[in-house]
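J.: Pasting the sequence and the predicted coordinates here, then a few questions.
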Amino acid sequence: MTHAPEEIASGASGGGRLIYRHGLLTRLTHWTWAVALFFLLLSGLQIFNAHPTLYIGKQSGFAFDNSVLRMDAIYGPDGQPQGRTTVFGHSFDTSGVFGMSGPADSPAYRGFPAWATVPSYQDLATGRVVHFFFAWVLAFTLFVWMVSAIAARRLRRDLLPTGQDLRHLPRDIADHARLRFRHDGRYNVLQKLSYGGVLFVLFPLVILTGLAMSPTMNAAWPFLLDLFGGRQTARTLHFACMLALVLFFVVHIVMVLLAGPVNELRSIITGRYRTRETAPAAHVVSREPRS
């Protein structure tokens, strides 16, 4: 997820220089986050299915309705059950996906379908165990990356947009809309903003809202509930962060495919990335770059 261009490694064959773009720690944290987020998403949907409704406020309503999202099943006009998703008071028929899914002769009445949860069957206890384990993996990996990035002074160099970057923002947006990508191994301003948003906004927010839902953490850090306006609001924000991370993942994969999947995957697996700048042949630099 974090790409830090490093020392130029070679300018051998093929139309461009081969640079050492990602250090070992960058590659390890990238794939650790990928695995952790995969299991966090699927186990989180399992937990959500235990009560597939989100609220704003300190409590869920019985005498009042403060829900912002609800997935359930109702009987339709034809007398047959159908899945229903209600968002801010607007209801949609989502049979087969949300609220009711599975085979027509034996439907399952649940928020998200079986294929989208870990485990696939309804099991809140196992879902919580998986979710908490990978939550700690995510948090610990973020801590290690932050310490390393601060020690190596990479935050300002690689992720903080400069004034020149921001001035070029409209041009970069237009270039991406035309599928014109820069292949020099450096971050453009859109990458800096998106990666920075994930690392410094979404990751901390998803961790803090998760802690705010824990009764144990409420006793230790009671200010978290006040910070997020109550446990129900924290749960809704937690879900919203998940949606934002899924959107980031989809855009990230699309950009990798459009920019050249072989080159991009090689860079995040081996660290080496081939630019599209022509250069005379040179020897390979064997020095391992900073992670």
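T.: Right, received. Where do you want to start?
J.: Buried residues, stretch 248-262. List them.
T.: Neighbour counts over stretch 248-262 (16 or more other CB atoms under 10 Å) mark 248-249, 252, 255, 260 as buried. C-betas here are computed from N, CA, C, even on glycine.
J.: And for stretch 213-228?
T.: By neighbour count on 16+ other CB under 10 Å, the buried set for stretch 213-228 is 213, 224-225, 228.
J.: could the residues you listed be laid out in TSV, adding distance to residue 124, pLDDT and secondary structure?
T.: Output for these, formatted as TSV (distance: CB to CB, whole Å; pLDDT from 0 to 100; DSSP: H, G, I helix; E, B strand; the rest coil):
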residue	distance to residue 124	pLDDT	secondary structure
213	14	92	coil
224	23	90	helix
225	22	89	helix
228	23	92	coil
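J.: Which of the residues you listed sits closest to residue 96?
T.: residue 213 (30.0 Å; CB to CB).
J.: Residue ranges in the stretch 1-150 of the chain under the pLDDT threshold?
T.: 1-15, 61-63 (pLDDT under 70).
J.: could you redo the last one with a cut-off of 90?
T.: 1-23, 26, 57-66, 76-80, 103-106, 149-150 (pLDDT under 90).
J.: before we move on, what about the stretch 151-291 of the chain?
T.: Using pLDDT under 90, the stretch 151-291 of the chain drops low at 151-192, 215-222, 225-226, 255-256, 258-260, 263-264, 271, 273-291.
J.: distance of residue 35 from residue 107?
T.: 32 Å (CB to CB, to the nearest Å).
J.: who's more crowded, the two?
T.: Neighbours per residue (other CB atoms under 10 Å) separate residue 35 from residue 107, with residue 107 holding more: 17 against 13.
J.: residues in contact with that one?
T.: Applying CB atoms under 8 Å, 6 or more residues apart in numbering to residue 107 gives the contacts 81, 100-101.
J.: can I get the residues you listed in CSV with distance to residue 66, secondary structure and neighbour count?
T.: Formatted as CSV, the contacts of residue 107 follow (distance: CB to CB, whole Å; DSSP: H, G, I helix; E, B strand; the rest coil; neighbours: other CB atoms under 10 Å):
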residue, distance to residue 66, secondary structure, neighbour count
81, 26, strand, 15
100, 24, coil, 24
101, 27, strand, 21
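J.: helices and strands around the helix or strand harbouring residue 19, which ones?
T.: Assigned by DSSP states H and E, residue 19 belongs to strand 18-20. If you count contacts as 3 or more CB pairs under 8 Å, 6 or more residues apart in numbering; DSSP states H and E, strand 18-20 packs onto strand 8-10, strand 272-274.
J.: pretty sure residue 208 is touching residue 224, no?
T.: Yes: look at residue 208 against residue 224 with CB atoms under 8 Å: they come within range, at 6.7 Å.
J.: Tell me which stretches of the stretch 51-200 of the chain form helices.
T.: 124-151, 154, 163-167, 169-177, 189-197 (DSSP state H, counting those that start in this stretch).
J.: This completes my enquiry, with thanks.
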